[in-house]
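> Sharing a sequence plus its predicted fold:
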Amino acid sequence: MYQYQCLNAISEAGLSLFSEDYQRTEEMAGADAVLLRSASLHETVFPEKLKVIARAGAGVNNIPLEECAEKGIVVFNTPGANANGVKELVIAGMLLASRDIIGGIEWVKAHAGEENIAKTAEKQKKMFAGQEIEGKKLGVIGLGAIGVLVANAALHLGMEVYGYDPYMSVDSAWNLSRHIHHVKNLETIYQECDYITLHVPALDDTKGMIDREAAGQMKDGVILLNFARDLLVKEEDLIEALETGHIRKYVTDFPTAGLAGRDHVIVIPHLGASTEESEDNCARMAVREIREYLENGNIMNS
Ligand code: MLT
């Protein structure tokens with residue numbers, strides 16, 4: 001699906017395609033531009049004439065940025081193009097963590113074919129009782145394109161929203177509702193919020209930011225959501241907090257061997273931007289950026 005959308009966007013833009021398979025690198029030798037989503041691009045496979053790389057997505061951690069800078073290769077991402085897809089999955093994650101929808105569905109599956117399933121279900125359903133999110137406090141760490149959408153959606157669902165971002169852009173500030181508590185430090189988010197959702201990139205100063213000390217400051221029974229990057233969370237410290245119940249649930253879009261299948265964890269296989277709409281938006285934005293740069297030397301974002 002995604003590859004098809006990229007190919008479509010490329011041909012609509014009138015650009016020619018060297019290879020549709022990133023592993024067939026020898027065929028890309030003459031390419032001026034590389035468009036990629038989740039594959040990692042290593043310097044050793046850089047096509048010789050390469051001038052520009054566009055990542056169809058927000059994160060650029062699969063691109064060797066330093067080597068690109070040394071070689072004068074321009075790197076684009078597509079900020080905001082998949083933000084709505086990610087926002088919708090974050091809201092779904094919050095609901096999945098609050099209501100035992102997964103447990104209920106699994107129970108029904110296990111009893112499929114039973115004549116009296118409706119009656120048994122009525123007796124069993126107390127096992128799957130949950131909580132509503134309305135009136136609860138949500139802390140949004142990182143108020144970029146995705147964080148702002150999540151904050152505004154949560155407000156519409158009746159949550160009280162706290163937002164933290166020391167580097168908020170003018171665009172984000174403009175899009176941010178005045179009904180959000182804009183706090184100046186993470187401690188306030190940790191101490192106040194029933195749900196905390198991460199929307200910052202994995203940089204040197206954010207990697208491992210959710211460690212034992214941060215978890216210790218959070219409210220007892222907090223639900224933590226991570227649809228940003230797995231490296232933000234120190235897994236061993238998280239597991240410790242999950243085992244004591246201090247963090248009640250962890251919802252993540254990043255499967256790791258240590259978390260998959262673990263109790264109190266909901267792991268999604270990186271589906272945040274996997275919607276027709278987000279994929280199409282990203283492909284088109286990436287192709288526009290490449291074309292604008294190759295044809296006019298313009299940098300739409302970097
Ligand atoms: C992103 O970096 O945009 C997200 O992780 C979504 C994705 O790449 O699929």
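Okay, I see it.
> if I look at the residue lying closest to Met127 once chain neighbours are set aside, how far off is Asn298?
Distances taken as C-beta to C-beta, 6 or more residues apart in numbering place Gly103 nearest to Met127, at 7.1 Å, with adjacent residues excluded. The C-beta positions use only the backbone N, C-alpha and C, and glycine is treated the same way. Note on Gly103: its distance to Asn298, by C-beta to C-beta, to the nearest Å, is 52 Å.
> What is the three-state secondary structure of whichever residue of the stretch 201-302 of the chain sits closest to the ligand?
Relative to the ligand, the nearest point of the stretch 201-302 of the chain is Ala273 (3.6 Å; C-beta to the nearest ligand atom). Secondary structure state of Ala273, per DSSP: H, G, I helix; E, B strand; the rest coil, is coil.
> show me what contacts the nearest residue to it once chain neighbours are set aside?
Spatial nearest neighbour of Ala273, excluding adjacent residues (C-beta to C-beta, 6+ apart): Asn82 at 3.6 Å. For Asn82, the contacting residues are Gly57, Ala58, Gly272, Ala273, Thr275, Ser278, Glu279, Asn281, Cys282, by C-beta atoms under 8 Å, 6 or more residues apart in numbering.
> Take those and lay them out in CSV including distance to Lys249 and pLDDT.
Listed next are the contacts of Asn82 as CSV, based on distance: C-beta to C-beta, whole Å; pLDDT from 0 to 100:
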residue, distance to Lys249, pLDDT
Gly57, 26, 95
Ala58, 25, 93
Gly272, 18, 97
Ala273, 23, 96
Thr275, 24, 97
Ser278, 25, 97
Glu279, 29, 95
Asn281, 30, 96
Cys282, 29, 96
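> what's the model's confidence in stretch 115-122, averaged?
Averaged across stretch 115-122, the pLDDT comes to 97.
> Closest to Ala215 out of the contacts of Asn82?
Distances from Ala215 to the contacts of Asn82, taken as C-beta to C-beta, are shortest for Gly272 (23.1 Å).
> Tell me if I'm right that the closest one and Leu89 touch.
Yes. Here Gly272 reaches Leu89: they are 5.0 Å apart, a contact under C-beta atoms under 8 Å.
> What are the buried residues along stretch 183-192?
Val183, Leu186, Ile189, Tyr190, Glu192 (16 or more other C-beta atoms under 10 Å).
> next one: stretch 33-40
Ala33, Val34, Leu35, Leu36, Arg37.
> okay if I get those residues as a markdown table plus pLDDT and distance to Glu12?
As requested, these are exported to a markdown table (pLDDT from 0 to 100; distance: C-beta to C-beta, whole Å):
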| residue | pLDDT | distance to Glu12 |
| --- | --- | --- |
| Ala33 | 92 | 15 |
| Val34 | 89 | 18 |
| Leu35 | 90 | 13 |
| Leu36 | 88 | 19 |
| Arg37 | 85 | 18 |
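> shared neighbours of Gly272 and Leu89, which are they?
Phe227, Asp253.
> count of neighbours near Asn8?
Counted with other C-beta atoms under 10 Å, the neighbours of Asn8 add up to 14.
> Mind pulling up the pLDDT for it?
Per the predicted model, pLDDT is 70 at Asn8.
> Equivalent analysis for Lys49, please.
Lys49 is given a pLDDT of 88.
> and if you look at Glu43?
62.
> Please enumerate the strands of the stretch 1-150 of the chain.
33-36, 52-55, 74-76, 137-141 (DSSP state E, counting those that start in this stretch).
> Mean neighbour count, those strands: which tops it?
strand 137-141 (a mean of 26; mean count of other C-beta atoms under 10 Å).
> Return that strand as PDB; C-alpha atoms alone will do.
C-alpha atoms of strand 137-141 as PDB (Å, rounded to 0.1, in the frame of the first residue of the first chain):
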ATOM      1  CA  LYS A 137      -5.800  14.600  33.800                       C
ATOM      2  CA  LEU A 138      -3.600  14.000  30.800                       C
ATOM      3  CA  GLY A 139       0.000  15.200  30.600                       C
ATOM      4  CA  VAL A 140       1.300  15.800  27.100                       C
ATOM      5  CA  ILE A 141       5.100  15.900  26.900                       C
END
